[in-house]
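this one's sequence-less:
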């Protein structure tokens, strides 16, 4: 029986840490459902949180590439990274010993 290699395990751990906050889970869901880039102001309006809070959470999600950032003039628009989300292994699959998908170049 082979364990995940250390680099893959570290990558998955970073994903789980990024999703270890309910606000970040909601942000991922919002952007995935929107299926389009959204400005921070638009996200703030929908979530009812302070701009600084939303920005901090988006920064964490962007670091692990769950969201991508598009500069639009002076603003930044955020969108879901379909490639990364598509290769995100479910916690249940990993814990139950099912083979975890390998991260792709987009993650």
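Nice, thanks for sending it over. The shown structure was predicted, so the numbers you read here are calculated from the model rather than taken from an experiment.

Residue 84 against residue 62, yeah?
No: using Cβ atoms under 8 Å as the test, residue 84 is too far from residue 62 to be in contact (10.6 Å). (Each C-beta comes from the backbone N, C-alpha and C, glycine too.)

Need the three-state assignment for residue 71.
For residue 71, the assignment made with DSSP: H, G, I helix; E, B strand; the rest coil gives strand.

so the residue nearest to it when sequence neighbours are not counted is in which element?
Computed as Cβ to Cβ, 6 or more residues apart in numbering, the closest residue to residue 71 that is not its neighbour in sequence is residue 77, at 7.9 Å. Here residue 77 sits within strand 75-80, counting by DSSP states H and E.

Parallel or antiparallel, list what pairs with that strand.
Using DSSP bridges, the strands paired with strand 75-80 in its sheet are strand 38-39 (antiparallel), strand 67-72 (antiparallel).

For that strand, which residues meet the burial criterion?
Neighbour counts over strand 75-80 (16 or more other Cβ atoms under 10 Å) mark 77-80 as buried.

Quick check, the residue nearest to residue 71 in contact with residue 34.
No: in this structure residue 77 lies outside contact range of residue 34 using Cβ under 8 Å: 10.7 Å.

spatially speaking, which residue is in the middle of the protein?
Residue closest to the mean C-alpha point of the chain, counted by Cα atoms, centre = their mean, is residue 66 at 2.7 Å.

Residue 18 is in contact with that one, correct?
Yes: counting by Cβ under 8 Å, residue 66 touches residue 18, with 6.2 Å between them.

Where does pLDDT dip in the protein?
For the chain, the stretches with pLDDT under 70 are 1, 86-92, 94-96, 99-107.

the helices in it, which residues?
Assigned by DSSP state H, the helices in the chain fall at 6-18, 22-34, 40-47, 51-63, 82-87, 91-95.

For the ones you listed, give me a markdown table that also has distance to residue 73 and mean neighbour count.
Converted to a markdown table, the helices of the chain look like this (distance: least, Cβ to Cβ, whole Å; neighbours: other Cβ atoms under 10 Å):
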| stretch | distance to residue 73 | mean neighbour count |
| --- | --- | --- |
| helix 6-18 | 28 | 14 |
| helix 22-34 | 20 | 16 |
| helix 40-47 | 13 | 15 |
| helix 51-63 | 17 | 16 |
| helix 82-87 | 25 | 15 |
| helix 91-95 | 39 | 11 |
